[in-house]
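**Student:** For reference, the sequence and a predicted model appear below.
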Amino acid sequence: MSRTGNDAVKQGLALHLEALWRYGLVLSRNRDTAEDLVQATCVRALERAHQFAPETRLDRWLFSIERSIWINELRSQRVRRGSGVVDAEIALVFEGGPAMESNILAAQVLSEIGRLAEAQRETVLLVYAEGYSYREAAEHLGVPIGTIMSRLAAIREKLSPLAGDTRPATPDDRRGDDG
């Protein structure tokens, strides 16, 4: 019954606000725009709560709404890129000595992720931050699962220098030093 969908949306919406904001931030790269996206998503979800099927995952449904709103916004505005990019240092909280090293690495990773193309940023958020399976991310983004795998492989390759090169040196690696 549609009443059940209404109740599920009303009761569960607040639980997903942080995830919606993170997704909005990944999509827009702008704090204010992310907040606007969350607000628009909540309004649309409440307006269309009768369409929600309670046996499905609310977070996935909300993310779909948010992405749809973002795409519509891009189509209507054409450009929102480049203004108000969130610096990793602002997004992270530095507490204590041991946590500081972790936060420095996290800041570097977030900075590199911020430089990725929108499709790659979106893939990272869905798979690594929000826990989507590759298949779920592919369905959400409307791309083949191989595209998700390819994007993540390229992202790992790009970010691997941040983790340090822990593989053993090969003869090819040493040739450059002898030269």
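**Tutor:** The structure has been received and is ready for your questions. Numbers count the residues shown, from 1 in each chain.

**Student:** shaky segments in this protein?
**Tutor:** Residue ranges of the chain with pLDDT under 70: 1-3, 76-109, 162-179.

**Student:** Mind doing that once more with 80?
**Tutor:** The chain contains residues with pLDDT under 80 at 1-5, 75-114, 159-179.

**Student:** Based on its surroundings, how many neighbours for A34?
**Tutor:** 23 (other CB atoms under 10 Å). From N, CA and C alone the C-beta is placed, and that goes for glycine too.

**Student:** Name the residues that touch the helix or strand it falls within?
**Tutor:** For A34, the element it lies in under DSSP states H and E is helix 31-47. Residues from elsewhere that reach helix 31-47, judged by CB atoms under 8 Å, 6 or more residues apart in numbering: 9-10, 13, 17, 20-22, 24-25, 27-28, 52, 61-62, 65-66, 69-70, 73, 80, 84, 86.

**Student:** repeat that with 7 Å
**Tutor:** Contact with helix 31-47 is made by 9, 13, 17, 20-21, 24-25, 27-28, 62, 65-66, 69-70, 80, 84, 86, as judged by CB atoms under 7 Å, 6 or more residues apart in numbering.

**Student:** Return a ChimeraX selection command for the buried portion of the residues you listed.
**Tutor:** Here is the ChimeraX command that selects the buried residues among the contacts of helix 31-47 (16 or more other CB atoms under 10 Å):
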select :9,13,20,21,24,25,27,28,62,65,66,69,70
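
**Student:** The closest residue to Y134 other than its chain neighbours: how many residues sit nearby?
**Tutor:** Among residues not flanking Y134 along the chain, I148 sits closest, at 4.8 Å (CB to CB, 6 or more residues apart in numbering). Other residues within reach of I148 by the criterion other CB under 10 Å amount to 24.
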